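Enquirer: Here is my input; please provide its structure:
(4 chains)
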Number of protein chains: 4
Amino acid sequence: MKLLDPSKPSLHVFDTLESEVRSYCRSFPTVFSRAKGYKLWDTAGNEYIDFFAGAGALNYGHNNTALKQKLVQYIQNDGVSHSLDMATEAKEQFLERFQKVILQPRGLSYKVQFPGPTGANSVESALKLARKVTGRSTVVGFTNAFHGMTLGALSVTGNKFKRRGAGVPLHHSVSMPYDGYLGSDVDTITYLESCIADTGSGISLPAAVIVETIQGEGGINEASIGWLQRLEKLCKASGILLIVDDVQMGCGRTGTFFSFEQAGIKPDIICLSKSIGGYGLPMALTLIAPELDIWEPGEHNGTFRGNNLAFITAAEALRYWESEQFTNEIMAKGDILRSKLLEITKSFPELQGEVRGRGLMQGIAFGISGLAERICERVFSKGLIMETSGTDSEVAKIMPPLVIDEEGLRKGLDILEQSVKEIAHEMKEQK
Amino acid sequence: MKLLDPSKPSLHVFDTLESEVRSYCRSFPTVFSRAKGYKLWDTAGNEYIDFFAGAGALNYGHNNTALKQKLVQYIQNDGVSHSLDMATEAKEQFLERFQKVILQPRGLSYKVQFPGPTGANSVESALKLARKVTGRSTVVGFTNAFHGMTLGALSVTGNKFKRRGAGVPLHHSVSMPYDGYLGSDVDTITYLESCIADTGSGISLPAAVIVETIQGEGGINEASIGWLQRLEKLCKASGILLIVDDVQMGCGRTGTFFSFEQAGIKPDIICLSKSIGGYGLPMALTLIAPELDIWEPGEHNGTFRGNNLAFITAAEALRYWESEQFTNEIMAKGDILRSKLLEITKSFPELQGEVRGRGLMQGIAFGISGLAERICERVFSKGLIMETSGTDSEVAKIMPPLVIDEEGLRKGLDILEQSVKEIAHEMKEQK
Amino acid sequence: MKLLDPSKPSLHVFDTLESEVRSYCRSFPTVFSRAKGYKLWDTAGNEYIDFFAGAGALNYGHNNTALKQKLVQYIQNDGVSHSLDMATEAKEQFLERFQKVILQPRGLSYKVQFPGPTGANSVESALKLARKVTGRSTVVGFTNAFHGMTLGALSVTGNKFKRRGAGVPLHHSVSMPYDGYLGSDVDTITYLESCIADTGSGISLPAAVIVETIQGEGGINEASIGWLQRLEKLCKASGILLIVDDVQMGCGRTGTFFSFEQAGIKPDIICLSKSIGGYGLPMALTLIAPELDIWEPGEHNGTFRGNNLAFITAAEALRYWESEQFTNEIMAKGDILRSKLLEITKSFPELQGEVRGRGLMQGIAFGISGLAERICERVFSKGLIMETSGTDSEVAKIMPPLVIDEEGLRKGLDILEQSVKEIAHEMKEQK
Amino acid sequence: MKLLDPSKPSLHVFDTLESEVRSYCRSFPTVFSRAKGYKLWDTAGNEYIDFFAGAGALNYGHNNTALKQKLVQYIQNDGVSHSLDMATEAKEQFLERFQKVILQPRGLSYKVQFPGPTGANSVESALKLARKVTGRSTVVGFTNAFHGMTLGALSVTGNKFKRRGAGVPLHHSVSMPYDGYLGSDVDTITYLESCIADTGSGISLPAAVIVETIQGEGGINEASIGWLQRLEKLCKASGILLIVDDVQMGCGRTGTFFSFEQAGIKPDIICLSKSIGGYGLPMALTLIAPELDIWEPGEHNGTFRGNNLAFITAAEALRYWESEQFTNEIMAKGDILRSKLLEITKSFPELQGEVRGRGLMQGIAFGISGLAERICERVFSKGLIMETSGTDSEVAKIMPPLVIDEEGLRKGLDILEQSVKEIAHEMKEQK
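Expert: Okay, the predicted model is just below:
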């Protein structure tokens, strides 16, 4: 394994013309041009293994061949590309297949809203609807949650840096401790129960609770099955709507299509985006329990609700879910991943690594400040793309495309292991 | 001219599986499958002339041939489709061309932010940045404004039905009368000046004013050049940032690329979306005066900031702006449109029609309740797609693709004229 | 007329021990010890005529003899002094007399709430109740309004300096132009009507409008009878509650007991405080149209709702209203006041004075910056206490106790005239 | 012991003329006329022992003889009764004595603000100042806290019924668990520390924390000394202002003048009201650490800041604090009270009573729903006035005037014991 060609493409155009807000181009300082499956190439021809998968938007890999074929064919036939929320053949096909492949086999019944093409659109629509249905305003979010950057979505997001970016105090929300936030011995659902039941808690009866089953951006914090079940029970008992934000954890990231399937809960509203479009194209869904679908026509709208190119690839991507096989494969690869991560943390106990997550959303939380970032920088120099997460970037996060083959997975993990090894040695020498 | 084939495609799938929030599929009750230029076809083979243009997202027409060619080629070459805000060749090319074709020739200097793929993302980022720059919270919006459906964008939107949809009181904003709102004889900028200068007005010094030069959704209300110039002057004098939301009016809709060029003003922040992607693909920009670009890296982010398919078509679409010719063509077609609309309103004075707008954003405001909707329904039955606007849907809005040819324009206008004539006669008979 | 003894009492104790927030002790830099009727004396024995009347809390004069007698007797008999909202004899007597002397003769029917002892308590309770009754949140306040310093009352106050003091953005309120704010030729009620009727105004249907018939703190701005009547009509037609804040203008300040009697309107809720207690003791009332009295027991409370010493003096003060005589006297003194003020403004046209107000709430608004403050300083040096008002302190305000005799009134006015004359001469010489 | 004369005075006047919001007159359904020390009499001549003391506003008893003498003398001499914030002899005397008797001996240095006459005024001013000083908006309040009924004070109050009364969502505040709220084994300060330190907690750095050392209204919940000390330490370390609301617990209620003296903490801002006036007259103070006194003159004001009758009695009441004797007496009576309460709870274990509080703020929390209210009703019928507290009225609260003699205290406690005994027997029989 050796460093990539150091003659990296210049970032001059971005440095001079694009806003200072740009971020990933700072972590991965090259100019990408092509991509396929789990690989990316930059304009200098360097090849990268992708353990990032567009932050979860590329579960089916870059330019997935089956999806690409449908997409090109649709474009070449002058299929409607943009349709607002008019009815189109592409949307019809997606709706039918989603019903047949995803909802029916799981015994789920939801109306489908196309709230605009981003996860934040889905979250905003879910919050609006929950408030409309209940006539109440407060929504409970959790510590370290991430739900998006628009004002409504930010108000239930935990990250203070992102919140401050709002420029205004964020209202109509309350932040409660996520599972494990107060240590493993404090039961945070009991606290939430008190806040809701107790007439002196200072917290109004919420319209809804919005939760991620695993907090990806927040540091791969996983809610236990028991905690999720008690949360659902509490919501049902108190007339609070349960919203699961499955934008990152859904579409198979944890093995099953929805991340909450193992917990056996049935949320009132589900937010999907990122990989729902299949090909990395902007698309989002809000799934609504039928009895809650009290929207007036046009009460929530948006220009890009009808991204038909995404409907085409989304429908094709659902074929992966026609049998159990895909889930089994993800689980198997998740096991390989876990074994390797455990091996790494055991080999270098001085790095205080803790393996977190499940399926193909796993990572190592390091007890040493700055270490995860250093590792991600090192692996990039060796041709592997990985991101940190957690509010202090303390977690090295591994989320390859779900379609990655075993060879690619092991190759990437070898780069990771080698990098960790190098850094562990360097740290020893520095002492 | 005759009615379309009445054997319309069934909307059963949409009626049963999609949320009640769907709206345009109710106005245009058919299932569309193909589209090209200014024409759409449904699955029954019926042809429609498009005077709606994806609410302004299809200025270059459906499946524009030049853009389509680039798009297919990019996909077939496995160009990166989704990149978050990593640097890609497609983005680089767009940035360079936007600088060269749009900003430089107009003597404008802006940093480009990719705030997420929708107009609301752009508005949200603009509001955040204005608040961060000024350290103040209030943003002035105008009566009948429309800026989007996320919580921040809604807070500066005038439409009460949309606002109510928020489910929570909307804060940190104040609504002021737009040009002409208090009648032609009341100078609404003077009122705004008082509110800002007067220490007893009850209105805090705003962070920003956000304005559309023509309010498309609000009823084709046009701000005069003088009003816009005084607004800019007031903002500059008081340290208030001026944000122009050019999401619908930009990209040539009024003739020039930016809608404010005729007024000669230089906004501090500009919001662009809809047709910026060229092909109807989700994409948005926030243009920021360089000295205001104080974002921290990642302070605003989003999964679909890097929709590279849109960057490809967006870059190609900018070729339309390499000379004056496109503007001249739009203006010429705008003149044809205006003549016809004036002719119609003069022929049927009993309908109390008033022609509004400019360029290819024009329409007729009717003094009779329900008339605009009736007309839009009638023209649809004859194969023409047109939308109403205004908070009481009192305006029949005409916004064809900018690339429509004269034949198509006249054909559509003939359908409109014929429909108005029929309805005028029916109304006489009903009396 | 000559300057007072310059050997003023020291303010050392206040300068060192009291907060910087103190204000009137800076305008009237002496230490007061005794007071009677319209006169005050400081510890050095200097005598002052009072044209300020405790900002309207001393309409019946300092230490009014009849009230004092009842007060001392009550205290000496160990009458209950503090009772929360328990029933007491003193409160019973007040309630009965208020009903008999004030409400019944005017054909008014209101339930009486004791919301706490200050005007702000009354305003806060009124806003709460209006929101509870209507289920809506927005309250319309007016430019230059003043309603108090607690967070709810501040939110409907116009003064930006006071508002900024909140330290947080103020929500759930909207500021609309008061009568005359946009010049005498712009009808501000029409604007308010538009904002309420128009579905695109950006302003939610309000729960209530809160208004002062004359804005005392705001610069003695008087709403016309026609404006108030149209405001009432608009409120009734739209299901908006009309709250009149009569804290300063009530209790006879404008001649009649309520300031809105001349306009013939019947507010839904009325706020009274300041002089309602009669003796300058803290007390406030919220008068509620009976059908709106849907409070739950204890839903609004407060320790000092039951200031029985104030109930005693309040009941006694109501004797002034048992006949028309008191109103006639106030009116007559108001005429004397107006004549003199007009005479002064005519004599010194270079001072650009405009006489405002009615009854014993009158003043001169000066077109020259700083002039009103200079006059108030000068008259104080000659033994007259007067305050400025208006957001730029541009108005010299005259509001003596209503019980002032003609001699006192003329004596004070002579000091004012003499002071204006001196300053006018000084200004000429300075040129 | 026998029931009072059943021919109670009629409440007809109150039932017909006063608002439904009245509450204590429902718990104590008679009309009071006279009071002295720890006794009250109704108009029918019935005598009541007062274990309520005006909710803490009558610590020195009703119509305290020494205070009364000064008060009557002041009134008879025509001392200034109402002065806004002008300097008066009465205020000067109070300021000097407060400095000398209270602050200096305790080594405390505070500027004194007169924020208006109520506890809520003090809380509102404290919140405003904390936000101004820090430039931040969020204030942390605690579960079961009670700080007042104006909008700012309500926003940091825990009681949901009171909060709902606001009619609007309450902003700029966050509710955190008070000491013991999550059970005796969960350390709630650690949670607060996490929320402040952790960048993903979703809670902005607060401007201030506002806390009661014992929550009187909230159910006599007592914060431990260690908890208060850690709270102070956390605040200091994070630049958060510590506000102690000592409105009910101050002025000797717990034994020492300030309730936090035992914890040895020095709050940045202290709110005082209720008994500070001595005679039950409306008065409040905000004590401000000198370096935080950055108010602009008049930035917070109010008509009744200068209630000079209260200044007179307040100054005289401070004489109680010139030696240690008063504290010792309160402590001794507190011991008697505690012994008796423990005796009662031990005698009737089936009532699940838990003795809470210290000094002369003690009570019994009952585990049986409705029991505390039943007891308070019973004791009233026997001539004892006692109130419940806690959000479910589960606590029978005993807070007699601090000057009560041992005989009165024991007599009242005997009524209590007898009533508990009766009810315990009745409950047995009902089974």
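Enquirer: Run through the residues that contact A:Cys376.
Expert: Applying Cβ atoms under 8 Å, 6 or more residues apart in numbering or on different chains to A:Cys376 gives the contacts A:27, A:386-388, A:396. Heads up, the C-betas are built off the backbone N, CA and C, glycines and all.
Enquirer: A:Ala332: how many residues sit nearby?
Expert: A count of neighbours around A:Ala332, defined by other Cβ atoms under 10 Å in any protein chain shown, yields 12.
Enquirer: rewinding a little: compare the contacts of A:Cys376 and tell me which has the most neighbours.
Expert: A:Ala396 (30 neighbours).
Enquirer: in the stretch 151-300 of chain A, which spans are strands?
Expert: Along the stretch 151-300 of chain A, the stretches classed as strands by DSSP state E, counting those that start in this stretch are A:173-176, A:208-211, A:214-215, A:221-222, A:241-245, A:269-272, A:285-288.
Enquirer: Among the contacts of A:Cys376, which one lies nearest to chain B?
Expert: Closest approach to chain B among these (Cβ to the nearest Cβ): A:Ser27, at 8.4 Å.
Enquirer: And that closest one, how far from A:Leu40?
Expert: Distance, A:Ser27 to A:Leu40, by Cβ to Cβ, to the nearest Å: 14 Å.
Enquirer: Tell me the buried residues in the longest helix along chain A?
Expert: The residue-count maximum for a helix in chain A (DSSP state H) belongs to helix A:406-430. Buried residues in helix A:406-430, counted by 16 or more other Cβ atoms under 10 Å in any protein chain shown: A:408-413, A:415-417, A:419-420, A:423-424.
Enquirer: do stretch A:364-382 as well
Expert: The neighbour-count check on stretch A:364-382 (16+ other Cβ under 10 Å) flags A:364-366, A:371-380, A:382 as buried.
Enquirer: cool, stretch A:90-110 as well?
Expert: Those would be A:90-95, A:97-99, A:101-103, A:108, A:110, for stretch A:90-110 by 16+ other Cβ under 10 Å.
Enquirer: who in the stretch 251-400 of chain A is up against chain C?
Expert: Applying Cβ under 8 Å from any Cβ of the partner chain, one finds that the stretch 251-400 of chain A does not approach chain C at all.
Enquirer: Name the nearest residue to the residue in the stretch 251-400 of chain A that chain B sits nearest to, sequence neighbours excluded.
Expert: Residue nearest to chain B within the stretch 251-400 of chain A (Cβ to the nearest Cβ): A:Gly280, separated by 2.6 Å. Leaving aside its chain neighbours, A:Gly280 sits nearest to B:His82 (2.6 Å; criterion: Cβ to Cβ, 6 or more residues apart in numbering or on different chains).
Enquirer: go on, A:Leu108?
Expert: Leaving aside its sequence neighbours, A:Leu108 sits nearest to A:Lys266 (Cβ to Cβ, 6+ apart; 6.9 Å).
Enquirer: tell me the contacts of the one you found?
Expert: A:108, A:232, A:289.
Enquirer: Return the distance of it relative to chain D.
Expert: With distances taken as Cβ to the nearest Cβ, to the nearest Å, A:Lys266 is found 26 Å from chain D.
Enquirer: Distance check, that residue against B:Asp245.
Expert: A:Lys266 is 40 Å from B:Asp245, where distance means Cβ to Cβ.
Enquirer: again with A:Gln248
Expert: 30 Å.
Enquirer: interface residues of the stretch 301-431 of chain A facing chain D?
Expert: So the stretch 301-431 of chain A meets chain D at A:390-392 (Cβ under 8 Å from any Cβ).
Enquirer: pLDDT score assigned to the residue nearest to the spatial centre of chain A?
Expert: In chain A, the centroid-proximal residue (Cα atoms, centre = their mean) is A:Gln248; its distance is 1.7 Å. Looking at A:Gln248, its pLDDT is 98.
Enquirer: for A:Ser389, phi and psi?
Expert: phi -150, psi -170 (degrees, to the nearest 10).
Enquirer: beta partners for it?
Expert: A:Val395 (DSSP bridges).
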